[in-house]
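> Here is the input, now give the coordinates:
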Amino acid sequence: MSEYVKARELAEQARETEWARPSFAKQLFLGNFRLELVHPAPALDEAQTKRGEEFVRALRRFLDHRVDPALIERTARIPDEVVKGLAALGAFGITIEEEYGGLGLPHLYYSRALILVGSYSPALAAMLSAHQSIGVPQPLKLFGTPEQKREFLPRCARGEISAFLLTEPDVGSDPARLATTATRDGDDYVLDGVKLWTTNGVVADLLVVMARTGGKISAFVVDARAEGVTVRRRNAFMGLRGIENGVTEFSGVRVPARNLIGREGQGLKIALTTLNTGRLSLPATCAGGAKWAVKIAREWCNARVQWGRRVGEHEAVARKLAFVAATAYALEAVVDLSSRMADDESYDIRIEAALAKLFASEMAWQVGDELVQIRGGRGYETAESLAARGERGVPAEQILRDLRINRIFEGSTEIMHLLIAREAVDAHLSVAGELVSPDASRQERARALKRASRFYARWLPTLVAGTGNLPASYGAFGPLARHLRYVERTSRKLARCTFYGMSRWQAGLEHKQGFLGRIVDIGAELFAMTATCVRAEEDSRDLGRRPLELADTFCGQSRLRVDALFARLWDNTDSQDARLARYLLDGRYTFLEEGILDPSIEGPWIGAPSGGENVHRPIP
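Residues are numbered from 1 along each chain as shown. Model prediction:
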């Protein structure tokens, strides 16, 4: 069996295969626009809302009076006093139940807290989200035993920092290559291996570690102070300079068997399930950065005058301002709707959370780039340099650097495309899996053909016409109704294109990553348009037409992107690009590299540090 097949089978085994709860996004990809699932958006009760608002106000006061984001950027470290102050506020246990010492707040207010922190200090937001979204609290909430929850959750809630350790020097999105081992020895497991890019790992007290138990991958809670745990170095990055990210080595580390999360072999399932809601932390921090960009762009474009007019009045800049403002509103709408659905718990949001992460990370990066362009040379200059020469120290270049990692964190854009595409075509594979499987026998294909014929005979006719063809549909949304009609029509078109792709390439579809990526990007735009219209309709009750104007502009911009993506489904250079890439890898174009010098520091492409001091520094 090839390594590729092994990796694919491992990923399939880790997937949640059941759809016991409704999913708006799953139906969207099937051409079934079920607006009733998200409108009206799920609401919180009055008590939850009051407690959430009180916490966000307290957090805002703390950030304003006790946190210096410029200091964090300059020193590349979050002061211990800041961490302790946040712990005293309960910021490390926002969603941990009150019985374990946490605040027990809804996910919506966790997201709003991260929007606030992310607008002020993205590094601080990364510390809080890595601790709560993928660190110890979330896996134990979903899979932990009562004893594990009583032992570890109070520690997390009071500010003992946690980290999640999956990536290794030679293992990124392919966990089949995982090399860290956990060997059973009596009442313990013995861990050996090296983990890379352990966010919070340098200051962590508790770790979630993925390790191989025989041929399976399992998850463990590990005390970072245990003998044999060594943080070999703290890594430095282009952005998020304050994060405590390191390389962690395990050498004969004894972990009590009671610290196994779930069962042996459930590690990847635990990781993927944790990320179903854990991924929402990144869209929240992206939304915070985008909302800050709106403020800076507005103020600067009012203050800067060129050729007798405010620069924001020149059409070239006005287009950028419209994009920044409309996109920021859409990002917050996506976070808001996804978080409410997560709190409701009657939805399966695995696709919605993944779409939110994908869309927010890509669009926020564009917003940051446009902000730097709007600011011109001042956008490229650091805040400290600006302040030193007597101008407002706006960290526009920093937000661009800080936002860039979100396209890689917790599943790169490319991996998110494949993950979402797999879920989007799940219904097709359920009825026609053997038809598109290269390993299926003739008999299996024949049975699959009968099942598929029955399914498609019922399903395809539903894609011909729908409420999006009726001029009066969605009238309650006023000027936004036309956009929802577009979403409904386009959802059906998207489903048809997915079917055409499966019919055309069959087993080869999984290798058509350009096609699948565009299918997913279209779905992400449709989800964002829906969330934006739902949010604007609700906001307009208090704010009048202003939210409708933002939503209308965003939807207009989004529709142009969708139309372009559809055109590129069938008219593209994917095959030519793939062929040229193979030639490049084979050395056909090495002449392109003549006439340059490489400033890289010599060393292996993939390696890990060994020896040296332990730089682990838990915050007392």
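> Shouldn't L371 be within a helix?
Yes. Counting by DSSP: H, G, I helix; E, B strand; the rest coil, L371 is part of a helix.
> Could you find the closest non-adjacent residue to it?
A293 (4.4 Å; CB to CB, 6 or more residues apart in numbering). Every residue, glycine included, has its C-beta placed from N, CA and C.
> How about P395?
A383 (4.1 Å).
> do you know how far the residue nearest the centre of the chain is from P461?
By CA atoms, centre = their mean, the chain has its centre lying nearest to K357, at 3.1 Å. Note on K357: its distance to P461, by CB to CB, to the nearest Å, is 34 Å.
> can you check E397 too?
Distance, E397 to P461, by CB to CB: 54 Å.
> What of E332?
Using CB to CB, one gets 38 Å for the distance from E332 to P461.
> who has more neighbours, those two?
E332 (24 against 9; other CB atoms under 10 Å).
> mind checking how far the strand or helix carrying V335 is from the chain centre?
Using DSSP states H and E, V335 sits within helix 315-344. Chain-centre distance of helix 315-344: 15 Å, with CA atoms, centre = their mean, to the nearest Å.
> got it, and stretch 189-207?
On CA atoms, centre = their mean, the centre of stretch 189-207 falls 22 Å from that of its chain.
> again with stretch 40-58
In this view, stretch 40-58 has its centroid 24 Å away from the chain centroid, taken as CA atoms, centre = their mean.
> where are the low-confidence patches of the stretch 51-200 of the chain?
Flagging of the stretch 51-200 of the chain using pLDDT under 70 yields the residue ranges 173.
> hey, where'd the helices end up in it?
Ranges of helices in the stretch 51-200 of the chain, per DSSP state H, counting those that start in this stretch, are 69-75, 80-89, 107-120, 122-129, 137-143, 146-157.
> Give me the packing partners of the longest one, helices and strands only.
This points to helix 107-120. Packing partners of helix 107-120 (3 or more CB pairs under 8 Å, 6 or more residues apart in numbering; DSSP states H and E): helix 46-66, helix 122-129, helix 281-303, helix 315-344.
> what's the angle from the third one to helix 315-344?
So the one you mean is helix 281-303. Put simply, helix 281-303 runs at 150 degrees to helix 315-344, going by axes from the mean of the first three to the mean of the last three CA atoms, to 10 degrees.
> immediately after helix 281-303, which helix or strand?
Sequence-wise, the next helix or strand downstream of helix 281-303 (DSSP H and E) is strand 305-306.
> Show me what secondary structure element comes after that following strand.
strand 309-310.
> Name the residues that touch that following strand?
Outside of strand 309-310, the residues within contact range by CB atoms under 8 Å, 6 or more residues apart in numbering are C301, N302, R304.
> What separation do you get for the residue nearest to Q27 when sequence neighbours are not counted and F250?
Among residues not flanking Q27 along the chain, R34 sits closest, at 4.9 Å (CB to CB, 6+ apart). Distance, R34 to F250, using CB to CB: 47 Å.
> if you count what's nearby, which of the two comes out ahead?
Neighbours were counted for R34 and for F250 using other CB under 10 Å; F250 has more, 24 against 17.
> Mind telling me what element the more buried one is part of?
Counting by DSSP H and E, F250 is part of strand 245-256.
> That strand: which residues count as buried?
N245, G246, V247, T248, E249, F250, V253, V255 (16 or more other CB atoms under 10 Å).
> May I see those residues arranged in CSV, with distance to D577 as well?
CSV is the format used below for the buried residues of strand 245-256 (distance: CB to CB, whole Å):
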residue, distance to D577
N245, 33
G246, 37
V247, 34
T248, 38
E249, 39
F250, 41
V253, 45
V255, 46
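> A564: which of these is nearest?
N245 (36.4 Å; CB to CB).
> For that closest one, give me its contacts.
Shown in contact with N245 (CB under 8 Å, 6+ apart): W197, T198, T199, N200, G201, V202, R234, N235, F237.
> C286 versus that one, what's the distance?
Counting by CB to CB, the gap from N245 to C286 is 19 Å.
> buried set for stretch 560-576?
Buried residues in stretch 560-576 (16+ other CB under 10 Å): V562, L565, F566, R568, L569.
> quick one, what contacts the second one?
Going by CB under 8 Å, 6+ apart, L565 touches R518, D521, I522, E525.
> export those residues to JSON lines and tack on neighbour count?
Output for those, formatted as JSON lines (neighbours: other CB atoms under 10 Å):
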{"residue": "R518", "neighbour count": "26"}
{"residue": "D521", "neighbour count": "22"}
{"residue": "I522", "neighbour count": "26"}
{"residue": "E525", "neighbour count": "25"}
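> between those, which is closest to F499?
Looking across the contacts of L565 and measuring by CB to CB, the closest to F499 is I522, at 14.2 Å.
> In this structure that closest one contacts S491, no?
No. In this structure, I522 is not within contact of S491 by CB atoms under 8 Å, at 9.2 Å.
> Strands of the protein, residue ranges please.
Under the criterion DSSP state E, strands of the chain are mapped to 162-165, 181-185, 188-199, 206-213, 216-223, 229-234, 245-256, 260-261, 305-306, 309-310.
> for those strands, which one ends up most surrounded?
Highest mean neighbour count of the strands of the chain: strand 162-165, a mean of 28 (counted as mean count of other CB atoms under 10 Å).
> Any regions of this structure where pLDDT drops low?
Checking the chain against pLDDT under 70 turns up 1-17, 173, 431-440.
> can we see that at 50?
Scanning the chain with the threshold set as pLDDT under 50 gives 4.
> So which of the contacts of L565 belong to helices?
R518, D521, I522, E525 (DSSP state H).
> Spatially, which two of those residues are the most separated?
Greatest spatial distance among those (CB to CB): R518 and E525, at 10.6 Å.
> what's the spacing between the closest residue to Y329 other than its chain neighbours and L331?
Sequence neighbours aside, L550 is the residue nearest to Y329 in space, at 4.2 Å (criterion: CB to CB, 6+ apart). To L331, L550 is 11 Å away according to CB to CB.
> Repeat that for A25.
A25 is 17 Å from L331, where distance means CB to CB.
> swap in S346?
Relative to L331, and taking CB to CB, S346 is found at 25 Å.
> So which of the two has more stuff around it?
Shown here are S346 and L331; by other CB under 10 Å, L331 has more neighbours (30 against 10).
> Enumerate every residue touching the more buried one.
L331 makes contact with P283, C286, A287, A290, K291, F359, A360, M363, A364 under the criterion CB under 8 Å, 6+ apart.
> Could you do A524 as well?
A524 is in contact with L355, L358, F359, I420, counting by CB under 8 Å, 6+ apart.
> Just among the residues you listed, which is most surrounded?
Highest neighbour count within these, by other CB under 10 Å: L355, with 31 neighbours.
> I'd assumed G523 was in contact with that residue.
Yes. Contact criterion CB under 8 Å: L355 and G523 qualify, at 6.5 Å.
> which residues do those two both contact?
Residues touching both L355 and G523 by CB under 8 Å, 6+ apart: A25, I420.
> Just give the number of residues close to the spatially closest residue to R74 that is not a sequence neighbour.
Excluding its sequence neighbours, the residue lying closest to R74 (CB to CB, 6+ apart) is E384, at 6.9 Å. E384 has 13 neighbouring residues, counting by other CB under 10 Å.
> same question, A342
Neighbours around A342, by other CB under 10 Å: 22.
> mind checking how far the nearest residue to P256 once chain neighbours are set aside is from R60?
Once flanking residues are discounted, P256 sits nearest to D188: 5.9 Å by CB to CB, 6+ apart. Per CB to CB, D188 is found 45 Å from R60.
> next one: G159
To R60, G159 is 19 Å away according to CB to CB.
> of the two, who's got more company?
Neighbours per residue (other CB under 10 Å) separate G159 from R60, with G159 holding more: 20 against 14.
> list the contacts for the more buried one?
Counting by CB under 8 Å, 6+ apart, the residues that G159 touches are V83, K84, L86, A87, A88, F92, I619.
> try F164
By CB under 8 Å, 6+ apart, F164 lies in contact with A130, I134, G135, T198, T199, L207, V208, A271.
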